[in-house]
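J.: just to be clear, the model below is a prediction. Sequence and coordinates:
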Amino acid sequence: MIWYKTITVIEILRNLGYSVHWRSNQGRIGKHENVPTIYSRICDTAEFYFSNGNDLYKDDVLLGAEIPAEKKLAVFYHLMGQHGLFRERYPDQYDVFTSSLYKDFPLNQVEPRRTYDNATLFNDYVCSELMQRYQDEDAIVFYFPDHGQDIFDVDPDFYGHGRPGNKESTAVGSQIPFMIYMTHCSQKKHPAILCRVKAAADTPLCTDEFPYFMMDILNVQLIDDDM
């Protein structure tokens, strides 16, 4: 199967009658931004909140993103997350993990570790608030990053993206959290889906398989063109 000749998740949702919207706190144009921007263009609406100013890509800007009121709605929130310099990924009030908590680590690891933990704490807050936005709706939220981070897992002097060519580092960078949040309304209306989600809670999943996983939850049946 050639990936660029296959239907996208966005197209699947639109074919199912969903109004699909893209809200991003990453850039619209750039080396790493061009591909996501292409996907955003096939949504019904797309808005970008990226700024080169002094806000340093704070993801909480997405909490104020306006979403059209639609009966069947799908929204993609594209966060900056913990990309780049960790210290630039959270406001001062989330600078709660201090150096004293990392005294058992080598000195060169203290600042990266504590700022990464602060950035993760802020990321958790933003994601929680986005999920709570739909708490009174019949909604299911999927959350997953594009990659993990090698935080001194393989090399005591290295942190960042998993390094190509290093199997151990690549493996660490490939391990990401995947979470499904079903609102109370959704749990009551779809008990069978809730049971299946709970049963699969500890099952490893490659994000390449997400479109099929999503379609399975939405009870979408695939038709083989060769049949």
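T.: All right, it came through fine.
J.: low-confidence stretches in this structure?
T.: The chain contains residues with pLDDT under 70 at 1, 32, 51-57, 222-227.
J.: for it, which segments count as helices?
T.: Using DSSP state H, the helices assigned to the chain run over residues 9-15, 34-40, 107-132, 167-173, 184-189, 191-199, 210-217.
J.: neighbours of residue 77, just the number please.
T.: By other CB atoms under 10 Å, 20 other residues sit near residue 77. The C-beta positions use only the backbone N, C-alpha and C, and glycine is treated the same way.
J.: ok, it touching residue 62?
T.: Yes - using CB atoms under 8 Å, residue 77 is in contact with residue 62, at 5.6 Å.
J.: measure the closest residue to residue 94 other than its chain neighbours to residue 201 for me?
T.: Residue nearest to residue 94 in three dimensions, not counting chain neighbours: residue 122, with 4.4 Å by CB to CB, 6 or more residues apart in numbering. Note on residue 122: its distance to residue 201, by CB to CB, to the nearest Å, is 25 Å.
J.: for those two, indicate the residue with more neighbours.
T.: Set side by side, residue 122 and residue 201 show more neighbours around residue 122, with 23 against 8, by other CB under 10 Å.
J.: for the more buried one, what are its contacts?
T.: Shown here is residue 122, whose contacts under the criterion CB atoms under 8 Å, 6 or more residues apart in numbering are 59-60, 89-91, 94.
J.: same question for residue 36.
T.: Shown in contact with residue 36 (CB under 8 Å, 6+ apart): 24, 26, 78.
J.: what about the helices of the chain, which gets the closest to residue 139?
T.: Closest to residue 139 of the helices of the chain, according to CB to CB: helix 184-189, at 5.7 Å.
J.: list the buried residues in that closest one.
T.: Within helix 184-189, the residues that count as buried by 16 or more other CB atoms under 10 Å are residue 186.
J.: which neighbouring elements make contact with that helix?
T.: Packing partners of helix 184-189 (3 or more CB pairs under 8 Å, 6 or more residues apart in numbering; DSSP states H and E): helix 191-199.
J.: buried residues, stretch 25-41. List them.
T.: Judged by neighbour count (16+ other CB under 10 Å), stretch 25-41 contains these buried residues: 25-27, 33, 36-37, 39-40.
J.: any chance of those residues in a markdown table, plus distance to residue 187?
T.: Formatted as a markdown table, the buried residues of stretch 25-41 follow (distance: CB to CB, whole Å):
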| residue | distance to residue 187 |
| --- | --- |
| 25 | 29 |
| 26 | 32 |
| 27 | 37 |
| 33 | 36 |
| 36 | 31 |
| 37 | 35 |
| 39 | 30 |
| 40 | 30 |
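J.: can you count the residues close to residue 149?
T.: By other CB under 10 Å, the residues close to residue 149 number 23.
J.: who touches it in this structure?
T.: If a contact means CB under 8 Å, 6+ apart, then residue 149 has 82, 116, 159-162, 172-173 as its contacts.
J.: what's the answer for residue 174, then?
T.: Contact partners of residue 174, counting by CB under 8 Å, 6+ apart, are 147-148, 162.
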